[in-house]
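Asker: Structure of the sequence below:
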Amino acid sequence: MSPAAPERPPRRVLVVSYHFLPVHNVGVKQLAGYCRHLPAAGWSPVVLSRDWSAGLAPEDAGWGLVRADEPPGVPVVAAPRAEPRGVLLALHDRLGRATAPGAHAARRALLTPLRRAMSIAWPLFGRYPDEFTGWTRGAVEAGERAVREHGAEAILSTCPPAVNHVVASRLARRTGLPWVPLFGDLYSFYVGPGDWHGTRHRRALATALHRRWLAPASRALAVSPRMARLVEELYGVPGEVVVVGFDEEDFAGEAPARTDGKLRLAHVGSIYPGDQRPEMLFDALDRVIAAAPGAIDDLEVALVGSRCEDRLRALLEGRPCARVCHVRPGVPPDEAVRLQRAADVLLLFNLTAQRGRGTLSYPSKLWEYLAAGRPVLAFPADGDFVDATLRDTGAGLTADGADELAAVLAGWHAAWKAGRGIPHAPRPDAVARYSRRRQAERIAAALDGALAAGGR
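Answerer: Numbering: from 1, shown residues only. Below you'll find the predicted structure:
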């Protein structure tokens, strides 16, 4: 019997991400999780990120970034950020200042037509697709060096921000390496109803730029089936689904014990009131309390880390359910996990703006909720990916409208009051498919396929 062949060491993949440790936000946590699991699936990552030694810039303010002390766990290649520059961009900016409200009236009248004419082609001036384009030149140069020094055989990039795909596209063209773009969100790459491009001309120009950027990609990954379909329909790149997933290590051990005698419902994470409609929950709770006044002493609803605390408190003002709803600011990740595991029911506010056209995006908390092992109640029904996931995993159900939501909550309250508990029969094998480890395996399979297609 001949000895077994030695196992092949993992191949190197260059991961392009403007945001990465030592700065931290939800997106960095997700990417760091993928990077931790990729080597076991055959790919060892090297991350190309921005040089954060100079601190944050004004454009970083809206990304929830904090400094992180934990080591990255993977090699990180840092590239400097610079201000976008160019004659046309400088002229366009200067005309913008000259025609702004408050500028000299005669000058505004003279220069406004010129600025409007230039604005037709503004994406070509160097500040598109986002505010981070000043990182592009330094990132491409550092990425080429990283490919040579680390022996990378493929490129993976994430979006958002969209500049990551621009950098990866240029690197793929210069190095000839296969490239797989991963869309956590489409951002500027979304062209269609409700986009922010505004005019037919701008949509056409944006689409042409996106097609050029994505041309070197042999396949793409996206977090929902509809997003994957759109990438293929708009840009001709076959799409596959890879979700954020959950890290099993975060949910190890016994769930925290409780002795408070309350039926606790919890939502942990951001809420977007204009889209996710928290008033539907408040309407339903008011109806439950009106039908069973004793419920006001049994229920506790925790809304934690919504990032719209004042808006929620305003929506609750004067309602009966205000007595049971507790609006709290955000908590550290380990406390968020503890709150999820200590809840009796986990609430999921579905996005509604794209309803009826298929789920383009959805609350990524869904995956942590699956790992927490508590019943999930989503609303309103999305008729697509979230509904199917809860049905396939047995992890929960969806309610469509305040009346249906109130009926579910009233039934669950009655079952809890009678000591029967909340009905919940998840299928562990189905839930396990959504771990970050399993999703990293899907990323690795896409890299394998891209490498094979590239003939390397």
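
Asker: going forward, measure contacts between C-alpha atoms and count neighbours the same way
Answerer: Will do.

Asker: I'd like to know how many residues surround residue 318.
Answerer: Other residues near residue 318 come to 10 when the count uses other C-alpha atoms under 10 Å.

Asker: swap in the one 10 residues further on?
Answerer: Here the neighbour count serves as a burial measure; for residue 328 (other C-alpha under 10 Å) it reads 15.

Asker: Leaving out chain neighbours, which residue sits closest to it?
Answerer: What sits nearest to residue 328 in space, not counting adjacent residues and going by C-alpha to C-alpha, 6 or more residues apart in numbering, is residue 304, at 4.7 Å.

Asker: That neighbour: neighbour count?
Answerer: 22.

Asker: Please determine how far it is located from residue 74.
Answerer: From residue 304 across to residue 74, the span is 32 Å (C-alpha to C-alpha, to the nearest Å).

Asker: Residue 201 too?
Answerer: For residue 201, the distance to residue 74 equals 43 Å [C-alpha to C-alpha].

Asker: what about residue 243, which SS state?
Answerer: Of the three states, residue 243 takes coil according to DSSP: H, G, I helix; E, B strand; the rest coil.

Asker: hang on, isn't it packed against residue 434?
Answerer: Yes. Using C-alpha atoms under 8 Å, residue 243 is in contact with residue 434, at 7.3 Å.

Asker: What is the least confident helix or strand in the chain?
Answerer: In the chain, no helix or strand scores lower on mean pLDDT, DSSP states H and E than helix 87-98, which sits at a mean of 68.

Asker: give me every residue that touches the most centrally placed residue in the chain.
Answerer: Taking C-alpha atoms, centre = their mean as the criterion, residue 184 is the residue nearest the geometric centre of the chain, at 4.8 Å. When contacts are counted by C-alpha atoms under 8 Å, 6 or more residues apart in numbering, residue 184 touches 158, 159, 160, 222, 223, 244.

Asker: Equivalent analysis for residue 156, please.
Answerer: Contacts of residue 156 by C-alpha under 8 Å, 6+ apart are 13, 14, 15, 16, 168, 179, 180, 181, 182.

Asker: now stretch 327-345, how far from the chain's geometric center?
Answerer: Centroid separation for stretch 327-345 versus its chain: 19 Å, with C-alpha atoms, centre = their mean, to the nearest Å.

Asker: got a list of contacts for it?
Answerer: By C-alpha under 8 Å, 6+ apart, stretch 327-345 touches 250-251, 255-258, 263-269, 302-307, 309, 312-313, 346, 368-369, 372-377, 422.

Asker: can you check stretch 133-145 too?
Answerer: Contacting residues not belonging to stretch 133-145 are listed as 14, 48-50, 77-85, 126-127, 163, 166-168, 170-171, 175 [C-alpha under 8 Å, 6+ apart].

Asker: Any regions of the stretch 201-350 of the chain where pLDDT drops low?
Answerer: 259 (pLDDT under 70).

Asker: Can you give the distance of the longest helix along the chain from its chain's centre?
Answerer: Counting by DSSP state H, the longest helix found in the chain is helix 436-454. The chain centroid and the centroid of helix 436-454 are separated by 20 Å under C-alpha atoms, centre = their mean.

Asker: If we go by neighbour counts, what in that helix is buried?
Answerer: By neighbour count with 16 or more other C-alpha atoms under 10 Å, helix 436-454 contains the buried residues 436-444, 446-451.

Asker: quick one, phi psi at the closest residue to residue 191 other than its chain neighbours?
Answerer: Of all residues not flanking residue 191 in the chain, residue 203 sits nearest, at 6.4 Å (C-alpha to C-alpha, 6+ apart). Dihedral pair for residue 203: phi -60, psi -40, per degrees, to the nearest 10.
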